[in-house]
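A.B. asks: Here is the input, now give the coordinates:
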Amino acid sequence: MPVGASNLCSMQLSNRVLNRTLLARQHLLARSQLSVAQMCDHLVGLQAQDVPPPFIGLWSRISEFEPATVSDGLLDRSLVRITLMRGTIHLVTPPDALRIAPHIQPELEKIPFRKGFNYGGMVGLDPDEVRAHGEAVLGDEPMSAAAMRDEAAKLYPDRDPGAVVQTWLYQLPVLQTPPRGRWRDNSRPVWSRIEPWLGAPIETDYPVAELIMRYLRAFGPATTMDMQTWSKLPAMKSAVSALGDRVRTYTDERGRTLYDAADLPLADPDEPAPVRLLGWFDNAFLSHQDRSRIVGADDAVPIRSFASSVSPVLVDGFLAGMYKVFVKGGTARLRISPLRKWTAAEVSEVEAEASALLAFLEPESTPSVEILAVGADVRP
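C.D. replies: The predicted model follows:
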């Protein structure tokens, strides 16, 4: 049974309580009956700069998930892929695209004119003029990055056109239109400004307090640095202080203050956690400064280890291995590198979940699940 939230102010929470609470709020302890749109709203979007991860994330969280739901949603514009938190593409519903983008946009617009951006490729240009050119180029119709580069080369012949296009994509509230993002469709990105694609204006009055409360409901309890890591927004401490009695506080094992929605329970640390295979860059891993609640006490696996389609395996709720799928000659191989020795029961559960994921991802291929030696390279 969950631990009730009442009379627990300033209570110290173990890492295992934080782990199980995160998994419960992420719908990773038991698959949910929520719709795709409802799950996107609850999680404040799914990380989606690559095509497969949000499908894997939804499959891991929703019972009987149908990937066509996402493809259809992108086509009928009830779902969108948009640059949001941390400057990365997220799969969200239109209301979130319209109301979260204005919070994120000011931070994104600062990036291109720093000396470290494209080796200073935009230094010396007037940001307002560059933005105006970008709005004129992109207009009201979707446009490929290649077509945008052609226009950038005409407007700024002495600059790297790729840097100019990147600048426009940071300066303007934009989203990626289909076909990219549909099930198994890795087409090159085509971009559109948000408002013409959704036929609605940007909302500028959505309170940042609501965004923080939603973060806590999906990722809490959390420190202000966790909130900043997730959002890249400034002034988290003042934003949290404005929440008043909507939040309560705890401490973690290191004595840091954790904030949480006052009406939410904590999970039972002894709750069983099923094996889960997530997609690379899943927000369950990227949304805290201190990732020990899911990585475990030994935070030795850097985020870059999740690149190149190498993805995490959760055993007993914590990172316990990495996997990657290789498809060749009609065979789909899901190769797993454990980070520690697994029990026979854990091996059996990993094999079952991996087989189910492989059947979902590559139904036409002959499946092969391979559990390697501890620390082995997943590459064949």
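A.B. asks: What is the neighbour count of residue 363?
C.D. replies: Per other CB atoms under 10 Å, the neighbour tally for residue 363 reads 9. All C-beta atoms are positioned from the backbone trio N, CA, C, and that covers glycine.
A.B. asks: oh sorry, the question was meant for residue 329
C.D. replies: 6.
A.B. asks: got the contact list for it?
C.D. replies: By CB atoms under 8 Å, 6 or more residues apart in numbering, residue 329 lies in contact with nothing.
A.B. asks: Model confidence score at it, please.
C.D. replies: On pLDDT, residue 329 comes in at 94.
A.B. asks: now the strands: where do they sit in this structure?
C.D. replies: In the chain, the strands defined using DSSP state E lie at 46-47, 80-83, 89-92, 143-144, 174-177, 190-193, 247-251, 257-261, 276-277, 311-315, 318-328, 331-338, 366-371.
A.B. asks: Return the helix or strand in the protein with minimum mean pLDDT.
C.D. replies: helix 236-241 (a mean of 89; mean pLDDT, DSSP states H and E).
A.B. asks: now for it, which elements pack on it?
C.D. replies: helix 208-219, helix 224-231 (3 or more CB pairs under 8 Å, 6 or more residues apart in numbering; DSSP states H and E).
A.B. asks: Contacts for that helix, please.
C.D. replies: Residues contacting helix 236-241 (CB under 8 Å, 6+ apart): 208-209, 212, 224-225, 227-228, 233, 247, 259.
A.B. asks: circling back to that earlier point, among the strands of the chain, which comes closest to residue 60?
C.D. replies: strand 276-277 (5.3 Å; CB to CB).
A.B. asks: per-domain residue ranges of this structure.
C.D. replies: 1-297, 300-371 (automatic domain parsing).
A.B. asks: Can I get these in CSV including distance to residue 378?
C.D. replies: Below are these laid out as CSV (distance: least, CB to CB, whole Å):
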stretch, distance to residue 378
domain 1-297, 12
domain 300-371, 5
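A.B. asks: The closest residue to residue 323 other than its chain neighbours bridge partners, please.
C.D. replies: Once flanking residues are discounted, residue 323 sits nearest to residue 336: 4.4 Å by CB to CB, 6 or more residues apart in numbering. Beta-bridge pairing for residue 336 (DSSP bridges): residue 323, residue 371.
A.B. asks: what's the neighbour count on residue 336?
C.D. replies: There are 23 residues near residue 336, going by other CB under 10 Å.
A.B. asks: from memory it sits against residue 357, does it?
C.D. replies: No. Contact criterion CB atoms under 8 Å: residue 336 and residue 357 do not qualify, at 10.8 Å.
A.B. asks: so residue 171 touches residue 134, yeah?
C.D. replies: Yes. Taking CB under 8 Å as the definition, residue 171 is a contact partner of residue 134 at 5.8 Å.
A.B. asks: and residue 42, how many neighbours does it have?
C.D. replies: Neighbours of residue 42 using other CB under 10 Å come to 17.
A.B. asks: same question, residue 87
C.D. replies: 14.
A.B. asks: Show the contacting residues for it.
C.D. replies: Applying CB under 8 Å, 6+ apart, the residues contacting residue 87 are 104, 107-108, 111, 170, 232.
A.B. asks: if I look at it, how far off is residue 171?
C.D. replies: With distances taken as CB to CB, to the nearest Å, residue 87 is found 12 Å from residue 171.
A.B. asks: Overlap in contacts, these two.
C.D. replies: residue 108.
A.B. asks: From residue 29, how far out is the most centrally placed residue in the chain?
C.D. replies: Centroid-nearest residue in the chain: residue 47, 2.7 Å away (criterion: CA atoms, centre = their mean). Between residue 47 and residue 29 the computed distance is 20 Å (CB to CB).
A.B. asks: give me every residue that touches the residue nearest to residue 323.
C.D. replies: 313, 321-323, 350, 354, 369-372, 378.
A.B. asks: Identify the residue with the minimum pLDDT among the residues you listed.
C.D. replies: residue 378 (91).
A.B. asks: That one reaches residue 323, doesn't it?
C.D. replies: Yes. Using CB under 8 Å, residue 378 makes contact with residue 323 at a distance of 6.6 Å.
A.B. asks: Which neighbours do these two have in common?
C.D. replies: 310, 335-337.
A.B. asks: ok, and the most crowded of these?
C.D. replies: Of the shared contacts of residue 378 and residue 323, with other CB under 10 Å as the count, residue 336 tops at 23 neighbours.
A.B. asks: and the gap between that one and residue 23?
C.D. replies: For residue 336, the distance to residue 23 - CB to CB - is 20 Å.
A.B. asks: Residue 249 contacts residue 259, correct?
C.D. replies: Yes. Counting by CB under 8 Å, residue 259 is a contact partner of residue 249 at 5.9 Å.
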